[in-house]
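Chemist: My questions are about this predicted structure, shown below with the sequence.
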Amino acid sequence: MHTILNLIDGRMVHAASCKLIPVVEPATGHPYAQASASDAADIESAAKAATRAFARWSVTPAAERSRCLLRLSELVDANIERLAEAESRDSGKPISLARAVDIPRAAANLRFFATGILHTAGEFHDFDGGGVPSGMPALNFTLRRPRGVAGCISPWNLPLYLFTWKIAPALAAGCTVIGKPSEVTPMTASLLGELAIEAGLPPGVLNIVHGTGPDAGAALVHHPEVTTITFTGSTHVGRWIGKTAGDMLKRVSLELGGKNPFIVFDDADFDGPHGAIETAARAAFSNQGQICLCGSRLLIHESVYDRVREGIVRHARSLRIGDPADPATQFGALVSEAHLAKVEGCVREAARSGGTILCGGERIAPVHLPDRCRGGYFFAPTVIEGLNPTCSVEQEEIFGPVVSLQRFQDEQEAVHLANSTPYGLAATIFTRDGSRAHRVAASIDAGIVWVNCWMVRDLRTPFGGMKQSGIGREGGVEALKFFTEAKNVCVRI
Ligand code: NAD
């Protein structure tokens, strides 16, 4: 069975304890690999290597850092098939999605920050003395210096996509990195580690330590040499990381859960691949609903409620569910037995709370699955209506293939419903009325609002959540600023 090792100081090594965690293939329910179960001892070795490497990497010319990251992005592109197969097997997502989205986006993340670092400019303030007797004219310029060793902690839903989204800006900015991928899906980060050696990243610049959150992750957050923590994952863990990092005065960015509204007004374009109905179905069920940006609450104007309800149910029923390794599969397995049980529990709770299950609502029976997948974690795409917006199912993130429907009478009620959860990550609005789109976009508590589209991502834009969905922004210059310290230099004229 394949053993996933840590990358520390440029070498692939076992965890100090030699302990291993089984890695299960969600489509079959069987372990197919084992990953290093690292702890504080491994984080200590990685921190030593990263601190040593920082002395040189932080002053390596940006053009050279850029070349290293570009070589890595080219290797990701060259290995797209191997990486896509590994991602699909490790996470249960359809291979078509891994090929079209996850792996190309991982390469794009590396390329984006590799080239972005060549185009940054400092800030400059020309001071006239401020009009006070003690003032004097001066020039101020702001230097940006890498902050040191960055801890990058990522989740299982978009494994390589989100891992590279964190490490690329950190490395481009001149930080060295200790990455901690999810223990549930460690495979592609481990393959990336091998490619990083091939790309010639100097030893210690990128370290990848596998292991559970409470062991490897918590040790990373606690380590005094790690000055900067970027975390994507659940709100529950994010809250603990925020507290711990706050105590130690570390800089922290938290990208957390969501309960995103998808609002359909009566004047929307409904039909076609980019119309409201197909887009809402994609937003609900892509990656089996395991994307933080999924539209899990479909808010529909009462006059078009029946039409949209019929459309979303039809789409949910038409999805080709099957072996994620089959290129024709559109909907694969949930990531783990525990997650399947959680999703199932939420649907039961919805039924107990008075919701009507319009389709799905249960595990896929083994007879409907290919032989290989009969022990896998498959749950049918599920549409629910009739829930009270204040019930726990409507308030808490499910993170599975479950969408609930609510009707609204007017714009004001739509905005009220949209803002009625503790989260504030993303929202989508479908309308042909431009003024209304602007008004509603401005009123919704969300870090990202899409109008007449979903999941369109320009990597230059600020990305992140409000309320319980997080603190801080990733993407573009926001990310490069996060990993650097501003130092103002004031020169008297
Ligand atoms: P999780 O919080 O359980 O784990 C995320 C990562 O944190 C994993 O690597 C895990 O090992 C690690 N971890 C767990 N406990 C830790 C601790 N005490 N200290 C340090 N690290 C620890 O989340 P998950 O189940 O892997 O991912 C699903 C969640 O991620 C969902 O809530 C989803 O909304 C969220 N998510 C958010 C975004 C975003 O951009 N806002 C993107 C993707 C996923």
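Modeler: Done, it's in.
Chemist: residues in contact with the most centrally placed residue in the chain?
Modeler: In the chain, the residue lying closest to the centroid (Cα atoms, centre = their mean) is residue 162, at 4.9 Å. Residue 162 makes contact with 154-155, 232 under the criterion Cβ atoms under 8 Å, 6 or more residues apart in numbering. The way it works is simple: take the backbone N, C-alpha and C, and place the C-beta from them, glycine included.
Chemist: repeat that with 6 Å
Modeler: Going by Cβ atoms under 6 Å, 6 or more residues apart in numbering, residue 162 touches 154, 232.
Chemist: What parts of the chain come near the ligand?
Modeler: Within the chain, the positions near the ligand by Cβ under 6 Å from any ligand atom are 153-157, 162, 180, 182-183, 212-214, 217-218, 221, 232-234, 237, 240-241, 255-258, 292, 397, 399, 425, 465, 470.
Chemist: coming back round to it: quick check: the residue nearest to the centre of the chain is in a strand.
Modeler: No: going by DSSP: H, G, I helix; E, B strand; the rest coil, the assignment for residue 162 is helix, not a strand.
Chemist: Helices along the stretch 101-250 of the chain, start to end?
Modeler: Taking DSSP state H, counting those that start in this stretch as the test, the helices found in the stretch 101-250 of the chain are 103-116, 159-173, 187-198, 218-222, 235-247.
Chemist: any chance of the ones you listed in a markdown table, plus mean pLDDT?
Modeler: Formatted as a markdown table, these follow (pLDDT from 0 to 100):
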| stretch | mean pLDDT |
| --- | --- |
| helix 103-116 | 98 |
| helix 159-173 | 98 |
| helix 187-198 | 98 |
| helix 218-222 | 98 |
| helix 235-247 | 98 |
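Chemist: Can you tell me which of these is most buried?
Modeler: When these are scored by mean count of other Cβ atoms under 10 Å, the highest mean neighbour count falls to helix 159-173 (a mean of 28).
Chemist: quick check: angle from that one to helix 103-116?
Modeler: Taking axes from the mean of the first three to the mean of the last three Cα atoms, to 10 degrees, one finds that helix 159-173 is oriented at 10 degrees with respect to helix 103-116.
Chemist: quick check, distance from helix 159-173 to the centre of its chain.
Modeler: Relative to the centre of its chain, helix 159-173 is centred 11 Å away, using Cα atoms, centre = their mean, to the nearest Å.
Chemist: Helix 187-198 and that helix, what's the angle between them?
Modeler: Here helix 159-173 points in a direction 40 degrees away from that of helix 187-198 (the same axes, to 10 degrees).
Chemist: Leaving out the residues flanking it, which one is nearest to residue 142?
Modeler: Excluding its sequence neighbours, the residue lying closest to residue 142 (Cβ to Cβ, 6 or more residues apart in numbering) is residue 123, at 4.2 Å.
Chemist: any idea how far the ligand is from that neighbour?
Modeler: 28 Å (Cβ to the nearest ligand atom, to the nearest Å).
Chemist: what's the burial count for that residue?
Modeler: Other residues lying near residue 123 total 11 when counted by other Cβ atoms under 10 Å.
Chemist: give me the residue from the stretch 51-200 of the chain nearest the ligand.
Modeler: residue 155 (3.2 Å; Cβ to the nearest ligand atom).
Chemist: Phi, psi for the residue nearest to residue 145 when sequence neighbours are not counted please.
Modeler: Nearest-residue entry for residue 145: residue 485, 5.1 Å, with adjacent residues in sequence omitted and distances by Cβ to Cβ, 6+ apart. When read as degrees, to the nearest 10, the backbone of residue 485 gives phi -110, psi 130.
Chemist: thinking residue 485 is in contact with residue 146, fair?
Modeler: No: at 7.8 Å, residue 485 does not count as touching residue 146 under the criterion of Cβ atoms under 6 Å.
Chemist: Comparing those two, which shows the higher neighbour count?
Modeler: Neighbour count, other Cβ under 10 Å: between residue 485 and residue 146, residue 146 has more, with 24 against 14.
Chemist: so the more buried one makes contact with residue 172?
Modeler: No: the criterion here is Cβ under 6 Å, and residue 146 misses it with residue 172 at 9.5 Å.
Chemist: before we move on, the earlier item: adding distance to residue 38, write the helices of the stretch 101-250 of the chain out as a markdown table.
Modeler: Shown next, in a markdown table, are the helices of the stretch 101-250 of the chain (distance: least, Cβ to Cβ, whole Å):
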| stretch | distance to residue 38 |
| --- | --- |
| helix 103-116 | 22 |
| helix 159-173 | 16 |
| helix 187-198 | 12 |
| helix 218-222 | 8 |
| helix 235-247 | 17 |
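Chemist: Among these, which comes closest to residue 55?
Modeler: helix 159-173 (15.2 Å; Cβ to Cβ).
Chemist: Output the closest one as CSV, nothing but the C-alphas.
Modeler: C-alpha atoms of helix 159-173 as CSV (Å, rounded to 0.1, in the frame of the first residue of the first chain):
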residue,chain,number,x,y,z
PRO,A,159,-7.5,19.6,-2.0
LEU,A,160,-4.8,20.8,-4.4
TYR,A,161,-6.8,23.8,-5.6
LEU,A,162,-6.9,25.3,-2.1
PHE,A,163,-3.5,24.1,-1.0
THR,A,164,-1.9,25.9,-3.9
TRP,A,165,-4.1,28.9,-3.4
LYS,A,166,-2.4,29.3,0.0
ILE,A,167,1.2,28.3,-0.6
ALA,A,168,1.6,30.1,-3.9
PRO,A,169,1.3,33.7,-2.6
ALA,A,170,3.3,32.8,0.5
LEU,A,171,6.2,31.5,-1.5
ALA,A,172,6.0,34.3,-4.1
ALA,A,173,6.1,36.9,-1.4
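Chemist: Just give the number of residues close to residue 312.
Modeler: So residue 312, with other Cβ under 10 Å, has 27 neighbours.
Chemist: Please read the previous query as pertaining to residue 40.
Modeler: 16.
Chemist: mind listing what the residue of the stretch 51-200 of the chain closest to the ligand touches?
Modeler: Under the criterion of Cβ under 6 Å, 6+ apart, the neighbours of residue 155 are 182, 232-233.
Chemist: before we move on, what about residue 66?
Modeler: Residues in contact with residue 66 (Cβ under 6 Å, 6+ apart) are 114, 117-118.
Chemist: And residue 491, by the same measure?
Modeler: 138-139.
Chemist: again, 8 Å this time
Modeler: Counted by Cβ under 8 Å, 6+ apart, residue 491 has contacts 138-141.
Chemist: That one: helix or strand, and which one exactly?
Modeler: Per DSSP states H and E, residue 491 falls inside strand 484-492.
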